[in-house]
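Engineer: A predicted structure for the sequence below; I have some questions about it.
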Amino acid sequence: MWSCSPWVLLPPAYSVCTAVGLWVVYFVAVRDEQVVPLSSQHIRINGSGYPPFISVAGNFPPASCIFSEVMNLAAFVGLIIAVLRYLQLKHTTVKPWLNFGSLVCFAIGCFGMTLVGNVQVFANQNIHEAGTLMTFGLGTLFCWVQSYITLRVNLRNEGRKAGISRFLLTGAVTVCMIVRPVLMSEKLHMQAARCQWALVMFFLIFIGTFAVEFRHNRFEMVCTDNSATHSEVHSDELHQL
């Protein structure tokens, strides 16, 4: 008998589908010789191909079309997960401003995802880089806050194991955030591209860990008819008169 909430499937499905979508973009770009493979030791092969950064792989059609779709869906579903996480923690001991601030950070990060997906890096680098900063910068902050909240709230006495795992993943994301620009400054583009891919995979794994808590909760949407409610109240008042 399935005893877990069906919402347990949402975080891992999000992580897996987003990762698969990004790797599809990469393989399409490699097939069309728009970027070189991650296993290559050189930036260019036979005079063609760019370093395999995710944004560069998603810069040229047809890979760019897939990239835009993946990023838009990732932003939309990611925001849903962040809202559900906010609702899950709303009535716990966590400080309301911390919970709400975490939601706002991730919401802005999701908007950054849409900029990254829809404004290609070679079309407008400034807007694209702004979206990247929102996505990774605020996304990393979200990870740190959620790791702290996990230990603090300790839902179902699982906070210690889940919290330690999330702190390790967040540490890995942060290291990649720091190392990537250093590698770029040293002109080590292939290593920087690999670091970027690792960063994204660590981040997606982090989101997938929300399945640990989601399996205990059921989220429902309630719709009420205000006009019907007012009519009933008015009828009760007339009846009392």
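Structural biologist: Everything's here; your move. Residues are numbered from 1 along each chain as shown.
Engineer: which residues of the chain fall in helices?
Structural biologist: Using DSSP state H, the helices found in the chain span residues 10-31, 54-57, 63-89, 96-118, 125-133, 139-153, 159-185, 189-208, 211-214, 226-240.
Engineer: possible to save those as CSV with distance to E220?
Structural biologist: Every residue, glycine included, has its C-beta placed from N, CA and C. As requested, those are exported to CSV (distance: least, Cβ to Cβ, whole Å):
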stretch, distance to E220
helix 10-31, 15
helix 54-57, 36
helix 63-89, 10
helix 96-118, 19
helix 125-133, 34
helix 139-153, 22
helix 159-185, 24
helix 189-208, 22
helix 211-214, 14
helix 226-240, 19
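Engineer: any idea which residue sits dead centre in the chain?
Structural biologist: Closest to where the C-alpha atoms of the chain average out (Cα atoms, centre = their mean) is G78, at 5.2 Å.
Engineer: correct me if wrong: that one contacts Y14.
Structural biologist: Yes: assessed by Cβ atoms under 8 Å, G78 is found in contact with Y14 at 6.7 Å.
Engineer: give me the common contacts of those two.
Structural biologist: Residues within reach of G78 and of Y14 at once, by Cβ atoms under 8 Å, 6 or more residues apart in numbering, are I207.
Engineer: just for the chain, where's the confidence low?
Structural biologist: 1-2, 42-48, 227-241 (pLDDT under 70).
Engineer: can you do 50?
Structural biologist: Filtered on pLDDT under 50, the chain yields the residue ranges 1, 45-47, 233, 237-238, 240-241.
Engineer: now for N59: which residues touch it?
Structural biologist: Listed by Cβ under 8 Å, 6+ apart, the contact set of N59 reads 34, 120-123.
Engineer: select only the buried ones of these in ChimeraX?
Structural biologist: Buried subset of the contacts of N59, written as a ChimeraX selection, criterion 16 or more other Cβ atoms under 10 Å:
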select :34,120,121
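Engineer: can you tell me which two in the contacts of N59 are farthest apart?
Structural biologist: Farthest apart among the contacts of N59 by Cβ to Cβ are Q34 and A123. That separation is 14.7 Å.
Engineer: using PDB, write out every CA atom in stretch 168-180.
Structural biologist: Extracted C-alpha coordinates of stretch 168-180, given in PDB (Å, rounded to 0.1, in the frame of the first residue of the first chain):
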ATOM      1  CA  LEU A 168      27.100  19.200   2.000                       C
ATOM      2  CA  LEU A 169      25.300  19.800  -1.300                       C
ATOM      3  CA  THR A 170      25.100  23.600  -0.600                       C
ATOM      4  CA  GLY A 171      28.800  23.600   0.200                       C
ATOM      5  CA  ALA A 172      29.500  21.900  -3.200                       C
ATOM      6  CA  VAL A 173      27.300  24.400  -5.000                       C
ATOM      7  CA  THR A 174      29.100  27.300  -3.300                       C
ATOM      8  CA  VAL A 175      32.600  25.900  -4.100                       C
ATOM      9  CA  CYS A 176      31.600  25.600  -7.800                       C
ATOM     10  CA  MET A 177      30.300  29.200  -7.600                       C
ATOM     11  CA  ILE A 178      33.700  30.400  -6.400                       C
ATOM     12  CA  VAL A 179      35.900  28.100  -8.500                       C
ATOM     13  CA  ARG A 180      34.200  28.800 -11.900                       C
END
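Engineer: alright, that wraps it up for me.
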